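> take a look and give me a structure for this.
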Amino acid sequence: MTIQANAFAVYAIRFASRDASLRKEHFYRGDPCGDESLPIDYFVWVIVGRGTTVLVDAGFTREVAERRGNRTFLQPPAETMRQLGIATDSVKNVILTHLHYDHTGHLPDFPSAQVHLQRTELDYWTGPYAGRGENPHLIEPGDLAYVKEQLKNGNVTLVDGDAEIVPGVKVHRVGGHTQGLQVVAVETEGGTLVLASDATHFYANIDEDRPYSIVDHLPSMYDAFDWIKMTASVPEFIIPGHDPLVLERFPAVPGLEGIAVRLA
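Next up, the predicted model:
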């Protein structure tokens, strides 16, 4: 793996998938072709360069996949990183875009990293509404407990709005899907790439101006679409959080076909 000294390389790592999902699950107020299949992939993202490694999100574990069912677990993100030639102890910063279960599970694999999370996101999931409605299904209590423990240990930085995590890697709070969802803008050799995470699960959400079905605040979802489009240097540099098409639109890493692609 060759990376120019002043450029970031960005990888999408697919660690799991779920084929048994339908279109109506993935669009606000459903979809006219709702009973058609629309598989969903689960990713984390790795930013490497300028002497540092930043991990964006931490996925879910094999145990969680088995317990929740209908999910095919491939391999832990840390294993894929090793196959990419990236040492896990080189990860000094982990950005959690939000605290849903599919973004938090492998944090203990990176014990020396500083975790960056929006304060409003943690406040929501430790507040009075976290146990109501469908909310308990969306998080893993053990993962949340780990984040709270790491906060006490000084290993979690709570962000209020926009922040630069390392030079050239910035977060921006968009909300919408969750109270404190944040997206990540990366300065690459080809321009600004936006890791949108769950601000747009699929290309179709942002391309068709149709938010995802799990909504915290609808206007913020639309505002997120606008900010992402304005910030990404080219449309191709908008990276959705769960779309299998990512694996088709970017080149696979040799030997890791179906698992890792290079985004920039």
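
> residues contacting the closest residue to Asp243 other than its chain neighbours?
Nearest residue to Asp243 in three dimensions, chain neighbours excluded: Phe202, at 4.4 Å (Cβ to Cβ, 6 or more residues apart in numbering). Placement of C-beta: from N, CA and C, glycine included. Phe202 is in contact with 26, 38, 212, 240, 242-243, 245, counting by Cβ atoms under 8 Å, 6 or more residues apart in numbering.

> which of those sits closest to Ala16?
Lowest distance from Ala16 to the contacts of Phe202 (Cβ to Cβ) belongs to His242, with 10.2 Å.

> what is the neighbour count of the closest one?
23 (other Cβ atoms under 10 Å).

> do the same with Asp226
Using other Cβ under 10 Å: Asp226 sits among 12 other residues.

> ok, now the one 5 residues further on?
By the other Cβ under 10 Å criterion, the neighbourhood of Thr231 contains 17 residues.

> number the chain from 181, please
Happy to do that; since the first residue is 181 now, the last one works out to Thr411.

> before we move on, which element is the residue in the chain sticking out farthest from the centre in?
Computed with Cα atoms, centre = their mean, the maximum C-alpha offset from the centroid of the chain is found at Pro212, amounting to 27.5 Å. Using DSSP states H and E, no element contains Pro212; it sits outside every helix and strand.

> any idea how far Lys204 is from it?
9 Å (Cβ to Cβ, to the nearest Å).

> and for Arg390?
12 Å.

> likewise for Pro347?
Counting by Cβ to Cβ, the separation of Pro347 from Lys204 is 43 Å.

> what sits closest to the residue nearest the centre of the chain if chain neighbours are left out?
Centroid-nearest residue in the chain, with Cα atoms, centre = their mean: Ser377, separated by 4.1 Å. In space, and not counting its chain neighbours, Ser377 is closest to Thr277: 3.8 Å by Cβ to Cβ, 6+ apart.
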